[in-house]
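**Student:** return atomic coordinates for the entry below.
(one chain, ligands or ions: 1)
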Amino acid sequence: MKAEAEGIVSDEVRKRYNLGTHANPVFGEMYRRPATAAGAAIWAGEHLKDGGVLYSPAGGTHHGMPDHANGFCYFNDPVLAILAMREYGVRRIAYIDIDAHHPDGVEHAFATDPEVLMISVHEERRWPFKGHLEDRGVGSVFNLPVPRGFNDTEMEAIREELILPLVQAFRPEAIILQCGADAVTEDPLSRLMLSNNAHWAIVDALNGMAPRYLVLGGGGYNPWSVGRLWTGVWGTLLKREIPERLASEAEAILRQLSWPGRAAGRNPPEHWFTTLRDAPREGEFRTDVHGRLDALCARLKAWT
Ligand SMILES: [Zn+2]
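**Tutor:** The predicted structure is shown next:
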């Protein structure tokens with residue numbers, strides 16, 4: 001709050017809280033913006049006490065650490081959501097994270113908690129360079145790093161063979177999905193090649209597997225792909241059909257977006273304005289992805 005009010009931090013504060021750095025800059029809403037998402041997460045814990053579905057697209061800041069900012073995450077709203085649910089007696093919580101980056105802050109908080117199932121699918125050899133296949137925590141941590149070019153076919157196999165069976169076996173009282181939008185082809189920060197269909201299929205498949213369901217946003221650095229993906233999440237949760245062509249009001253909003261400093265922002269393709277759904281990006285189910293999935297499936301078998 002002080003850094004936001006003053007617009008500057010001392011060297012001491014920078015060192016102690018990791019604020020005013022390249023990754024966690026001082027900016028005009030640096031407290032209010034993440035605090036709003038954190039407040040939503042805490043409120044979700046209360047609001048979901050008797051069950052329901054909530055969507056908090058401003059949330060999903062999964063890198064935040066207990067005493068310092070990390071990776072443009074000033075607070076860790078997924079952790080706060082889990083803690084808030086616990087306040088209302090919810091014990092078994094499944095946390096699934098399909099952002100391109102590994103949720104190091106959430107794993108830091110709950111890797112030793114057998115009542116939190118953690119599943120993360122993220123790009124290998126990418127910041128924060130955590131989330132290895134071998135990591136287990138106390139046995140409830142499942143990390144699946146994936147190579148460049150990760151496609152819809154591979155994600156479908158992971159969804160059907162790992163994510164859904166694990167969640168089912170765990171019998172959670174609540175599910176939290178971090179649905180970061182940075183694993184699609186159009187995103188500049190990853191080299192993964194999903195279409196937004198992959199995200200929506202997971203959003204839909206998890207819906208109803210537990211009495212409480214909280215869907216969060218996360219990363220996403222192309223304003224068009226983020227807006228289209230997360231709007232589609234909303235429609236999917238509401239069981240609405242995704243239209244082939246957007247209504248003119250929606251199209252007008254997409255046409256008003258800008259993306260300064262990016263080549264793709266100067267000449268965006270027409271379908272970024274007129275549709276929500278990407279064309280599917282199916283591809284080869286590569287042996288290295290297959291092998292890693294098999295390794296985790298073996299753990300799932302031993303676990304159930
Ligand atoms: Zn990310």
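
**Student:** what about the strands in the stretch 101-250 of the chain?
**Tutor:** 116-123, 141-146, 174-178, 212-216 (DSSP state E, counting those that start in this stretch).

**Student:** just name the shakiest helix or strand of the protein by mean pLDDT.
**Tutor:** Of all helical and strand segments in the chain, the minimum by mean pLDDT, DSSP states H and E falls on helix 263-266, at a mean of 80.

**Student:** what does the helix or strand that that helix is followed by contact?
**Tutor:** From helix 263-266 onward toward the C-terminus, using DSSP states H and E, the following helix or strand is helix 271-274. For helix 271-274, the external contacting residues (CB atoms under 8 Å, 6 or more residues apart in numbering) are 186, 224, 225, 228, 245, 246, 251, 254, 255. Using the backbone N, CA and C atoms, a C-beta is placed for each residue, glycine as well.

**Student:** from these, pick the one nearest the ion.
**Tutor:** Nearest to the ion, judged by CB to the ion, of the contacts of helix 271-274 is residue 225 at 12.8 Å.

**Student:** before we move on, back to that, please identify which of the strands of the stretch 101-250 of the chain is closest to residue 298.
**Tutor:** strand 141-146 (11.4 Å; CB to CB).

**Student:** does anything pack onto that closest one? Which helices or strands?
**Tutor:** When contacts are defined as 3 or more CB pairs under 8 Å, 6 or more residues apart in numbering; DSSP states H and E, strand 141-146 sits against strand 116-123, helix 287-303.

**Student:** residues in the stretch 151-300 of the chain within reach of the ion, list them.
**Tutor:** Residues of the stretch 151-300 of the chain lying near the ion by CB under 5 Å from the ion: 180, 182, 219.

**Student:** typo on my end, it should be the stretch 1-150 of the chain
**Tutor:** By CB under 5 Å from the ion, the residues of the stretch 1-150 of the chain that approach the ion are 99, 100, 101.

**Student:** can I get those residues in CSV with neighbour count?
**Tutor:** Shown next, in CSV, are those (neighbours: other CB atoms under 10 Å):
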residue, neighbour count
99, 25
100, 26
101, 26
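
**Student:** hang on, the earlier thing: from the helices and strands packed on strand 141-146, which stretch is densest packed?
**Tutor:** Of the helices and strands packed on strand 141-146, the one with the most neighbours on average (mean count of other CB atoms under 10 Å) is strand 116-123, at a mean of 25.

**Student:** now the strands of the stretch 101-250 of the chain in JSON lines, with distance to residue 234 and mean pLDDT?
**Tutor:** Formatted as JSON lines, those follow (distance: least, CB to CB, whole Å; pLDDT from 0 to 100):
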{"stretch": "strand 116-123", "distance to residue 234": "22", "mean pLDDT": "98"}
{"stretch": "strand 141-146", "distance to residue 234": "26", "mean pLDDT": "98"}
{"stretch": "strand 174-178", "distance to residue 234": "13", "mean pLDDT": "98"}
{"stretch": "strand 212-216", "distance to residue 234": "9", "mean pLDDT": "98"}
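
**Student:** now distance to residue 261 too, for those strands, in JSON lines please.
**Tutor:** As requested, those are exported to JSON lines (distance: least, CB to CB, whole Å):
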{"stretch": "strand 116-123", "distance to residue 261": "23"}
{"stretch": "strand 141-146", "distance to residue 261": "28"}
{"stretch": "strand 174-178", "distance to residue 261": "27"}
{"stretch": "strand 212-216", "distance to residue 261": "27"}
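
**Student:** just the closest residue of the stretch 1-150 of the chain to the ion, please.
**Tutor:** For the stretch 1-150 of the chain, CB to the ion, closest residue to the ion: residue 101, 3.5 Å.

**Student:** follow-up on the earlier one: what's the closest of the residues of the stretch 151-300 of the chain next to the ion to residue 203?
**Tutor:** Closest to residue 203, out of all of those and judged by CB to CB, is residue 180, at 12.3 Å.
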